[in-house]
Each structure stands twice: as structure tokens, then as C-alpha cells.
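*Asks:* here is a sequence with its predicted model. Questions after.
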Amino acid sequence: MTAYLVKGVSVVGAAPTDLLIRDGVVAEVGADLAADGATVLDATGLVALPGLVDLHTHLREPGREDAETVESGSRAAALGGYTAVCAMANTSPVADTAGVVEQVWRLGREAGLVDVQPIGAVTVGLAGERLAELGAMADSAARVRIFSDDGHCVADPKLMRRALEYVKAFDGIIAQHAEEPRLTEGAQMHEGEVSTRLGLTGWPAVAEEAIIARDVLLAEHVGSRLHVCHVSTAGSVEVLRHAKARGVRVTAEVTPHHLLLTDERAETYDPVYKVNPPLRTGADVAALRAALADGVIDIIATDHAPHAVEDKECEWAYARPGMLGLETALSIALDVLGPEWDLIAERMSRTPARIAGLEGHGLDPAPGVPANLTLVDPAARRVIEPAELASRSRNTPYARMTLPGRIVATFLRGEPTVLDGKAVK
């Protein structure tokens, strides 16, 4: 294993120092380090962060390898500064058995670019009718601890209660896609002034808020862990704030696109802006940013959702919802939060690693710590060109936008997956 001497790097925004990476760990941290035989990386002006961790990634394999594979999604993640991602269960077949989650886990290990931790389905086939094999998935080689029907809400309150009770035995988490389906039938975008003007069926904010309110009460009653996926409304923030004040074991995520984009983007009828939950209003965006800063929202998660060309480049009504996110998430965080490195590390690495229970991830570079880290050039600005993305899909809402920051290097257990901004393999 090659040793790397990273010279003059700022660790999470602190004064410049040197890092020696050897045998998979950060061996030394200090000024004027030297190491015979080590590959020297000049990191002047760069910031070292703990490797990013994404709790919400769609890798599409098995079943939709035309849109993404575990390998291509892992490469996109590494280029985005990630060292671990949690792969959602809405594959084909659905990841609702030990066999499927182990397949995804093994594909991640074979790719070797990031640690891929599968998320298991809550219900069989995501149908919302009966619980999937939660215990078998938890006991499998993949050791699943998070379960979600993302893309579908576990709408039956009795079934949701049973799921929360079941995973409590092994300190598991139910991650809910909060959407009351009876309030969103035929919905195409956020319900509001813009939807009325465009004549598109609206997706009301209360459809999200009502499910979150119900589920935090269920989680409080059961004493189990609940995670709320892709929070998108100001009302949801207030429900979460109240629940946390009561001591409910609830965590929540927000996506980069819900921190930056609004429902006004739909005025172009460009399906790249169609996403579930939909882009909301400027007031919602402001509330989400404030909640992320004060900790009511715990993490940024990408909801990386690649789609094949035919599923996106069509009429708005027929387009599949979803956007790419892995290769641009840190840039959006920098754009929204500024160079608040400790906050970025907390929301994009430490806390998601802690929620998912990913050992060796989410740890600031320090002697003896596994060398899962990323080096960022905060002064760089880049134009997002879809054709240059590593994902097999091109449905990025940031095409040709100029965004701050550039991932220069990513290390997974001391081995570089990205060097000089390019994938190593």
C-alpha cells in the first residue's frame, strides 16, 4: 500500500498542516512531516474533510443498469468526495430480501470506490401491504440497519407502527418518504401560485407535513428511531422542531436541490426540474436553510436519482421524478452555507455516518483514524457539463451552472479513489 504525504492542508478549516497516510490510516498529523518513499501531494490552499457520507442514493442496480450501476454510481460518489453511500431499495427486483441486499453490498465491495451500504425495503415489493424480511436483511452479510420504501410512503399507520417496533430490537431505523398518497394523486409539482398559473396539478405541503406529524407520534409511542427523507417544507421543519424538543428519536435530511431551487423552475416545463417531493417556494427554501444551520435538519442527503434519457427527455407529465446529486452536492453546500467547514463536515459526514452506524466513516483526519477523507479546493469554480459526469445519466438540474469548490482527491482507507480531480480507476 502506497504511503501519501499531504503537505500544507487545512483540516476542517484549521491552520495548514501535513498529513501522513500509511497502511490505511492517518499515521501522523503535524508541521514539516517527512516520510521516505511516500508520494507527496501539495495541498496548499486545500481543505481536508472527513469523507462524505450519503444516506440517500439510488444506484438502480439490479434492474435499471441503463440509468446507473453500483460501479458508475460509486465512481460519481468518489468524484463528489464521498467515501460511503447508502443505496435505496427501489431496484428491480426490490431490495426486500437478504439475497438482494447482499448482491448490492457485494457489487459495492467489488467496485471498491466507496463503501456501499444497502437500505432494505420496509414492505414487500414496496407495495405497503406487509413487512419485508427486516430481520433477515439485518442478519445478512450486508447488516442492514436502515429500511425505507423511498418513492413510496408507508401510508398504513398500523404497518408503520409494526415496522418501528420490529427494528427497535436491533436499533434499526425506518426512513420514511413522507407523502400522504391520497393528497397527491396526479400531482405534478408543488401546489401554489406557480402550479395554478401553469395549470399543473399541485402536490400540497400538508401531504408531507401530515405524515411526518403522524410518524413522530408513532416513533415517540414506540420509542424507536425514525428518519425523515428529503424534507421540503417550512411546515415540516416546525413539526420536526416540536418533535425534537419532546425528545422523539427522529432525524431528518434535506437535499441540495431543495436548498437551492424553487418551484419557479417549473415555468420552463423542463422535466429535469421534476422531483419528488417537488421543488417548493422561496420561503420553504429559506426555512430549510435555517433548519440545516440550527440542527433541526440533521444532514444533507443527495437523493441522487439517475434516469435514462427516455425517462426524462419527454413531456413533463410523463417524466420520471428525480435529479442527479452526488457529484455536485458539496458545491451546493458551499454555495448555500459558505465555507463553514465544521458545519459542512457535521451535516455531510459525521452525522450521517453516526445515523447509519458506519464504522470508520465520519471521523476527522487525526492520528490512528481510518484514512477516509476528501481534499477540496474551495477557491475553484467549475461549470457543470453533463457529458463530463461519471453517472450513466445526465439529468442534472445544474447543467452549465458555475458552482464553487472542486474535489481534488478522495481516499478510501488510505487508497486514492480520486487524484487531481480524476477517478483513479
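*Replies:* Right, received. Where do you want to start?
*Asks:* so for the most centrally placed residue in the chain, what's the pLDDT?
*Replies:* Note on the chain: the residue nearest the mean C-alpha position is residue 301, at 2.8 Å, using Cα atoms, centre = their mean. The predicted structure scores residue 301 at 98 on the pLDDT scale.
*Asks:* now do the contacts for it.
*Replies:* With contact set as Cβ atoms under 8 Å, 6 or more residues apart in numbering, residue 301 has these partners: 54, 55, 56, 229, 230, 253, 254, 255, 352. The C-beta positions use only the backbone N, C-alpha and C, and glycine is treated the same way.
*Asks:* mind redoing it with 7 Å?
*Replies:* With contacts defined as Cβ atoms under 7 Å, 6 or more residues apart in numbering, the neighbours of residue 301 are 54, 55, 56, 253, 255, 352.
*Asks:* could you identify the helix or strand that succeeds the one helix or strand residue 100 maps to?
*Replies:* Secondary-structure element containing residue 100, defined by DSSP states H and E: helix 98-111. Next helix or strand after helix 98-111 toward the C-terminus (DSSP H and E): strand 115-118.
*Asks:* biggest separation within the contacts of residue 301, which pair?
*Replies:* Greatest spatial distance in these: 255 and 352, 12.9 Å, computed using Cβ to Cβ.
*Asks:* count the neighbours of residue 89 for me.
*Replies:* Taking other Cβ atoms under 10 Å as the neighbour definition, residue 89 ends up with a count of 28.
*Asks:* try residue 3
*Replies:* Using other Cβ under 10 Å, the number of residues around residue 3 comes to 16.
*Asks:* go ahead and confirm it touches residue 38.
*Replies:* Yes - because the distance of 4.0 Å satisfies Cβ atoms under 7 Å, residue 3 is recorded as touching residue 38.
*Asks:* what residues are shared contacts of the two?
*Replies:* Shared between the contact lists of residue 3 and residue 38 (criterion: Cβ under 7 Å, 6+ apart) are residues residue 20.
*Asks:* so how far is stretch 115-123 from its chain's centroid?
*Replies:* In terms of Cα atoms, centre = their mean, to the nearest Å, the centre of stretch 115-123 is found 13 Å from the chain centre.
*Asks:* what do you get for stretch 19-31?
*Replies:* With Cα atoms, centre = their mean as the basis, the distance from the averaged C-alpha position of stretch 19-31 to the chain average is 28 Å.
*Asks:* quick one: terminal-to-terminal distance for it?
*Replies:* Taking Cα to Cα, to the nearest Å as the measure, stretch 19-31 stretches 9 Å from start to finish.
*Asks:* stretch 72-88 now?
*Replies:* Criterion Cα to Cα; first-to-last residue distance in stretch 72-88 is 15 Å.
*Asks:* just give the nearest non-adjacent residue to residue 141, would you?
*Replies:* The spatially closest residue to residue 141, leaving aside those adjacent along the chain, is residue 102, at 5.2 Å (Cβ to Cβ, 6 or more residues apart in numbering).
*Asks:* so what's that neighbour up against?
*Replies:* By Cβ under 7 Å, 6+ apart, residue 102 lies in contact with 140, 141, 142.
*Asks:* ok, it to residue 47 distance?
*Replies:* Distance from residue 102 to residue 47, counting by Cβ to Cβ, to the nearest Å: 37 Å.
*Asks:* what of residue 199?
*Replies:* According to Cβ to Cβ, residue 199 and residue 47 sit 47 Å apart.
*Asks:* what ranges do the helices span in the stretch 1-150 of the chain?
*Replies:* For the stretch 1-150 of the chain, helices defined by DSSP state H, counting those that start in this stretch occupy the ranges 70-79, 98-111, 134-139.
*Asks:* can you lay out those as TSV showing mean pLDDT and distance to residue 338?
*Replies:* Formatted as TSV, the helices of the stretch 1-150 of the chain follow (pLDDT from 0 to 100; distance: least, Cβ to Cβ, whole Å):
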stretch	mean pLDDT	distance to residue 338
helix 70-79	98	23
helix 98-111	98	33
helix 134-139	98	40
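*Asks:* return the most buried member of the ones you listed.
*Replies:* Highest mean neighbour count among the helices of the stretch 1-150 of the chain (mean count of other Cβ atoms under 10 Å): helix 70-79, with a mean of 28.
*Asks:* can you give me the angle that helix makes with helix 98-111?
*Replies:* Here the directions of helix 70-79 and helix 98-111 differ by 50 degrees (axes from the mean of the first three to the mean of the last three Cα atoms, to 10 degrees).
*Asks:* what's helix 70-79 packed up against?
*Replies:* Here helix 70-79 is seen to pack against helix 98-111, strand 415-419, strand 422-423 when contacts are counted using 3 or more Cβ pairs under 7 Å, 6 or more residues apart in numbering; DSSP states H and E.
*Asks:* name the residues that touch it?
*Replies:* Counting by Cβ under 7 Å, 6+ apart, the neighbours of helix 70-79 from elsewhere in the structure are 54, 57, 59, 61, 85, 104, 107-108, 111, 113-114, 116, 326-327, 389-392, 407, 410, 417-418, 423.
*Asks:* of residue 199 and residue 47, which one has the most company?
*Replies:* Set side by side, residue 199 and residue 47 show more neighbours around residue 47, with 23 against 7, by other Cβ under 10 Å.
*Asks:* in the sheet, who's paired with that one?
*Replies:* According to DSSP bridges, the residues that bridge with residue 47 are residue 10, residue 376.
*Asks:* going forward, begin numbering at 48 instead of 1
*Replies:* Fine by me, first position is 48 from now on; the one you just mentioned is residue 94.
*Asks:* who touches it in this structure?
*Replies:* Shown in contact with residue 94 (Cβ under 7 Å, 6+ apart): 57, 60, 388, 423, 425.
*Asks:* and if you look at residue 69?
*Replies:* With contacts defined as Cβ under 7 Å, 6+ apart, residue 69 is in contact with residue 50.
*Asks:* how about 10 Å then?
*Replies:* 48, 49, 50, 51, 52, 75, 82, 84, 85, 418, 461 (Cβ atoms under 10 Å, 6 or more residues apart in numbering).
*Asks:* can you tell me the SS state at residue 457?
*Replies:* For residue 457, the assignment made with DSSP: H, G, I helix; E, B strand; the rest coil gives strand.
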